[in-house]
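Asks: predicted structure and sequence below. I'll ask about it afterward.
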Amino acid sequence: PLADELAFLRHYHRLLALRFGASMVLRLDDSMLDATAGERWLIAPMALQTLLENAVKHNQAAADQPLEVNVTLNLARGAGSVAVSNLVRPRRSALPSSGLGLANLDERCRLLTGRPLAARQAGGRFEAEVPMQAAP
């Protein structure tokens with residue numbers, strides 16, 4: 001359930017906050033706090049953690065310029081998704097990405113929901129949209 005994944009995401013963010021302090025900010029859209037939505041939707045396990053890890057791995061963060069990761073619920077015509085986005089500020093010391101993390105997440109999304117992960121980078125932002133399915 002989405003509610004379980006959000007709880008896990010908050011716990012993971014607390015660990016990151018211990019490590020990075022104020023340089024790591026997680027913003028959940030108000031729609032994400034709706035308990036009924038959290039129980040009505042199913043999402044690929046660890047999808048949100050994977051995207052938060054991806055943001056930390058590939059972007060710079062500092063107390064004066066925190067890495068802010070935004071999470072938003074999108075519901076349209078019975079098909080739901082969660083969008084995770086952040087400003088792109090590439091790490092100077094980062095090695096080129098293999099893309100394996102997003103490819104694996106895409107595969108899990110396709111197997112579980114029949115829909116792909118939608119990842120895009122434009123206007124200085126990276127956004128990944130994770131498909132969900134309605135709980136039975």
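Replies: Right, received. Where do you want to start?

Asks: quick check: buried residues in stretch 79-97?
Replies: Applying a neighbour-count criterion of 16 or more other Cβ atoms under 10 Å, one finds 80, 81, 82, 83, 84, 85, 86, 87 buried in stretch 79-97. Heads up, the C-betas are built off the backbone N, CA and C, glycines and all.

Asks: those in strands, which ones?
Replies: Among the buried residues of stretch 79-97, the members found in strands (DSSP state E) are 80, 81, 82, 83, 84, 85, 86, 87.

Asks: I figured the fourth one was touching residue 128, is that so?
Replies: Yes - taking Cβ atoms under 8 Å as the contact criterion, residue 83 and residue 128 are neighbours in contact, 7.3 Å apart.

Asks: other residues contacting the strand or helix carrying residue 103?
Replies: In this assignment (DSSP states H and E), residue 103 forms part of helix 100-113. Helix 100-113 is contacted by residues 42, 44-45, 47, 50-51, 53-54, 57, 115-117, 119, 128, 130-133 when judged by Cβ atoms under 8 Å, 6 or more residues apart in numbering.

Asks: try stretch 51-58
Replies: With contacts defined as Cβ under 8 Å, 6+ apart, stretch 51-58 is touched by 9, 12-13, 16, 20, 24, 26, 67, 69, 84, 86, 88, 90-91, 94, 97, 101-102, 105, 126, 128, 130.

Asks: please repeat the previous calculation with a cut-off of 6 Å.
Replies: The contact list for stretch 51-58 (Cβ atoms under 6 Å, 6 or more residues apart in numbering) reads 69, 84, 86, 94, 101, 128.
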